[in-house]
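Chemist: Fold the following, please.
(one chain, ligands or ions: 1)
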Amino acid sequence: SSKVTARYYTAQAAFYSDDESADIDWDNLGFHLMQTDFMYVTKSSEDGTFRQGQLNRYGNIQLSPSAGVLNYGQGLFEGIKAYRREDGRIFLFRPHQNAIRMQFGAERMCMASPTTDQFVDAVKQTALANKRWIPPPGKGSLYIRPLLIGSGPILGLAPAPEYTFLVYACPVGNYFKQGTAPLNLYVEEDVHRASRGGAGGVKSITNYAPVLKAMKNAKEKGYSDVLYLDAVNKKYIEEVSSCNIFLVKGNVVSTPIAKGTILEGVTRKSIMEIALDLGYKVEERSIEADELITADEVFCTGTAVGVAPVGSITYKGQRIEYKISSDLTCKQFYSRLVGIQRGVIADERDWIVEI
Ligand code: COI
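Modeler: Residues are numbered from 1 along each chain as shown. Next up, the predicted model:
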């Protein structure tokens, strides 16, 4: 019916009928790459605006060996989920927030960026073109990954002369291998994720490879993930490799304040609003790792991760355990979030975008 839908049909009709479902095991999705049918691609023009993009079959892309992204890490990514409801309708969660965050990141990394409309349109087209990969309700979601990369060739250190905006998608379930079991976090004291004035506050690809080693070491020791400390004082908690963190103490919900070293997650922001709605006091502030021991509850948030309760945190050799029960505060927050996404709780803030 919409223009987007019409365009999607011309691209997709040759391959799949509208109601054909992908032949995969929807009960055991996890968070693993699976090739889907189409990806959206567009490139910047000389004036820094992006051309009208198109859906191509999912596949490898060609890049110059001297592309800015390959040599100097000029790249940003995003993560957005599309959900299927019982009645078959498809919804995105707050895609405009991701569009704005990409523009903010592009400004920091000296890159051209798509407009909000171009971004959201590309995400919609990608979701619709890969509709048969959107899991049935309750089984997971379609994780949509927009990428903005310096694709133009450059030798000396400078912004790339051309940018590629690409969107692909993959069906996903639980992010962590252990499913929905509480996370066991390890507080890393030597490796830092970000520093003031750096790029920790934007979703730069350069924020992620530097944590792999600490993450791998922690996983080898049986931890789910790593919690990083601030690089200056080495005592304030910042974030986990792939998600934000919250503490609950009584009716106060706290999360580390974002001063350029923390990625301002869309789920983080949404959970803060939900907590306020449910009568909690919400604070963004500096939180010392020493405070972890006094929390009633700790949980992580992220698009990929969702809302994940933390069962233990190991800091300076001491393992802090948190009580896990069915009436955890974070579970209340998560059911409200999921309720809004599934359409059973009123979406008063227009977080949900039907496609
Ligand atoms: C997301 O939650 O969408 C992310 O981008 C985190 C990523 C490391 C999987």
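Chemist: Leaving out chain neighbours, which residue sits closest to residue 159?
Modeler: Nearest non-adjacent residue to residue 159, counting by Cβ to Cβ, 6 or more residues apart in numbering: residue 110, 4.2 Å away. All C-beta spots, glycine's among them, are computed from the backbone N, C-alpha and C.
Chemist: Measure how buried that neighbour is and give me the count.
Modeler: Residue 110 has 12 neighbours, counted by other Cβ atoms under 10 Å.
Chemist: Residue 98 versus that one, what's the distance?
Modeler: The gap separating residue 110 from residue 98 is 20 Å, by Cβ to Cβ, to the nearest Å.
Chemist: next one: residue 138
Modeler: Relative to residue 98, residue 138 is positioned 24 Å away (Cβ to Cβ).
Chemist: Could you do residue 49 as well?
Modeler: From residue 49 to residue 98 the distance is 19 Å (Cβ to Cβ).
Chemist: And these two? Which one has more around it.
Modeler: Counted by other Cβ under 10 Å, residue 49 and residue 98 do not tie: residue 98 has more neighbours, with 24 against 12.
Chemist: isn't that one right up against residue 116?
Modeler: No: at 9.5 Å, residue 98 and residue 116 do not qualify as touching, with contact defined as Cβ atoms under 8 Å.
Chemist: for the closest residue to residue 315 other than its chain neighbours, helix, strand, or coil?
Modeler: Counting by Cβ to Cβ, 6+ apart, residue 315 lies nearest to residue 187, which is 4.1 Å off, once chain neighbours are set aside. Three-state assignment for residue 187 (DSSP: H, G, I helix; E, B strand; the rest coil): strand.
Chemist: Test my guess that residue 187 contacts residue 230.
Modeler: No: judged on Cβ under 8 Å, residue 187 makes no contact with residue 230 at a distance of 11.8 Å.
Chemist: any shared contact partners between the two?
Modeler: residue 237 (Cβ atoms under 8 Å, 6 or more residues apart in numbering).
Chemist: So these two - more neighbours on which side?
Modeler: Set residue 187 next to residue 230 and count neighbours by other Cβ under 10 Å: residue 230 wins out with 24 against 19.
Chemist: correct me, but the more buried one touches residue 260?
Modeler: No: Residue 230 sits out of contact with residue 260 when judged by Cβ under 8 Å, with a separation of 11.1 Å.
Chemist: what are the ranges of the helices in the stretch 151-300 of the chain?
Modeler: For the stretch 151-300 of the chain, the helices defined by DSSP state H, counting those that start in this stretch occupy 212-220, 266-277.
Chemist: Tabulate those helices (CSV), appending mean neighbour count and mean pLDDT.
Modeler: CSV is the format used below for those (neighbours: other Cβ atoms under 10 Å; pLDDT from 0 to 100):
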stretch, mean neighbour count, mean pLDDT
helix 212-220, 15, 97
helix 266-277, 20, 98
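Chemist: who's in contact with the residue of the stretch 1-150 of the chain found nearest the ligand?
Modeler: For the stretch 1-150 of the chain, the residue positioned closest to the ligand under Cβ to the nearest ligand atom is residue 79, at a distance of 2.2 Å. Contacts for residue 79 (Cβ under 8 Å, 6+ apart) come out as 98, 143, 144, 145, 302, 303, 304.
Chemist: and if you look at residue 72?
Modeler: Per Cβ under 8 Å, 6+ apart, neighbours of residue 72: 150, 154, 157.
Chemist: So how do I select the buried members of those in PyMOL?
Modeler: Remark: buried members of these, expressed as a PyMOL selection using 16 or more other Cβ atoms under 10 Å:
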select buried, resi 150+154
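Chemist: ok, the contacts of residue 72 vs residue 319, which is closest?
Modeler: Distance to residue 319, by Cβ to Cβ, is smallest for residue 150 among those, at 43.1 Å.
Chemist: now the closest one, which residues is it bridged with?
Modeler: Under DSSP bridges, the beta-bridge partners of residue 150 are residue 163.
Chemist: What's the local residue count around residue 20?
Modeler: Counted with other Cβ under 10 Å, residues neighbouring residue 20 total 10.
Chemist: Nothing else from me, thank you.
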